[in-house]
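Colleague: kindly return the folded structure for what I paste below:
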Amino acid sequence: MTVVSRDALRDSYTTAHRTSDYNHSLWAYFFLRPVAFHLTPVFLRLGFSATAVTLLGLATLVLGLLLAALADSRLVLVTGAALVNVFYVLDFVDGNIARYKKAESLLGELLDFLSGILFHVAMPLAVACYLYRAGPELRLPLPGGHQYGGAAWWLVGVTMSMTFLLRRVITQKMQIALPSSDRPETRRAGWQIVLRSIEAIKTPLLLFAGLLLLVEEWLLFYASFGVVTLTGLVVVSLARGRRVDRARQTSPMP
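Modeller: Model prediction:
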């Protein structure tokens, strides 16, 4: 049986990957990746491929989301949230294995992408389902002195999911349309890293929210966060597009 050291894994962790983790979130850089480095040798010794870990993570995610959505007690909800956190760690383990074995594939990237979309879109809907099913004691306070029960949580969950999808679509479009020097992914500022880190820690925060009975506050906060960051992204993207158009109009013709 081949013994794989963490040092060997880190050798395959290039500066580009390190920068990508840092830009993605401080949570990924300082916690998820180090934990994944400790777990990856275990999966390699057991003979797991990167794709197998991705599929295991996907199964863990689906089970966690179902438990959270259909939870009838705090214990079941917390168990579901814990499984979603396990998926998040496995999402880094499969990348470690792919790089170490030099077995990065289009299929693996596609599965990783699809599981990531499912994670971001379905998690708020699962929480909304839990709150909807929790009973009449839950009420969503809104302006105007009214309180809306049950179904209002679906609106909050859908808002959180849709704002993520719209931000993803806008970001992808800007990466394609803008010159490389102006693309968002190549000009990560400190405030952008902070915002991404807030987004990334929603998974462990859901676990703590379940333990502390703060699930309503978790969903309201991240739905509001999604609306604010989407608005900011639209404004910044329009400004970037306008600046690039002006630069093209004033640049001399070849």
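Colleague: any idea how far stretch 122-129 is from the chain center?
Modeller: 14 Å (Cα atoms, centre = their mean, to the nearest Å).
Colleague: wait, stretch 161-170
Modeller: On Cα atoms, centre = their mean, the centre of stretch 161-170 falls 12 Å from that of its chain.
Colleague: same deal with stretch 167-174?
Modeller: Worked out by Cα atoms, centre = their mean, stretch 167-174 lies 15 Å from the chain centre.
Colleague: next, the buried residues of that stretch.
Modeller: 167, 170, 174 (16 or more other Cβ atoms under 10 Å). C-beta here means a position set from N, CA and C on the backbone, and glycine is covered the same way.
Colleague: what packs against the lengthiest helix in the chain?
Modeller: Counting residues, the longest helix found in the chain (DSSP state H) is helix 215-250. Other elements packing on helix 215-250 under the criterion 3 or more Cβ pairs under 8 Å, 6 or more residues apart in numbering; DSSP states H and E are helix 106-133, helix 152-177, helix 190-200, helix 202-211.
Colleague: give me the buried stretch members for that helix, please.
Modeller: Buried residues in helix 215-250, counting neighbours by 16+ other Cβ under 10 Å, are found at 215-216, 218-223, 225-226, 229-230, 233, 237, 240, 244.
Colleague: mean confidence score for that helix?
Modeller: If you average the pLDDT over helix 215-250, you get 89.
Colleague: report the angle between that helix and helix 202-211.
Modeller: 160 degrees (axes from the mean of the first three to the mean of the last three Cα atoms, to 10 degrees).
Colleague: now the angle from helix 215-250 to helix 190-200?
Modeller: 140 degrees.
Colleague: now the angle between helix 106-133 and helix 215-250, please.
Modeller: For helix 215-250 against helix 106-133, the angle by the same axes, to 10 degrees is 130 degrees.
Colleague: run the chain-centre distance for helix 215-250.
Modeller: 17 Å.
Colleague: and the angle for that helix with helix 152-177?
Modeller: 20 degrees.
Colleague: got a list of contacts for stretch 156-166?
Modeller: With Cβ atoms under 8 Å, 6 or more residues apart in numbering as the contact definition, stretch 156-166 has outside contacts at 120-122, 124-125, 127-129, 140, 219-220, 222-223, 226-227, 229-230.
Colleague: how does it look with 6 Å?
Modeller: 120, 121, 124, 125, 128, 219, 222, 223, 226, 227, 230 (Cβ atoms under 6 Å, 6 or more residues apart in numbering).
Colleague: ok, the last one - contacts?
Modeller: What that stands for is residue 230. Residue 230 neighbours (Cβ under 6 Å, 6+ apart): 163, 166, 167.
Colleague: which one of those is nearest residue 30?
Modeller: residue 167 (23.6 Å; Cβ to Cβ).
Colleague: tell me the predicted confidence for that closest one.
Modeller: At residue 167, the pLDDT recorded in the model is 93.
Colleague: how about residue 187?
Modeller: 48.
Colleague: thinking residue 86 is in contact with residue 60, fair?
Modeller: Yes. Judged on Cβ atoms under 6 Å, residue 86 makes contact with residue 60 at a distance of 5.2 Å.
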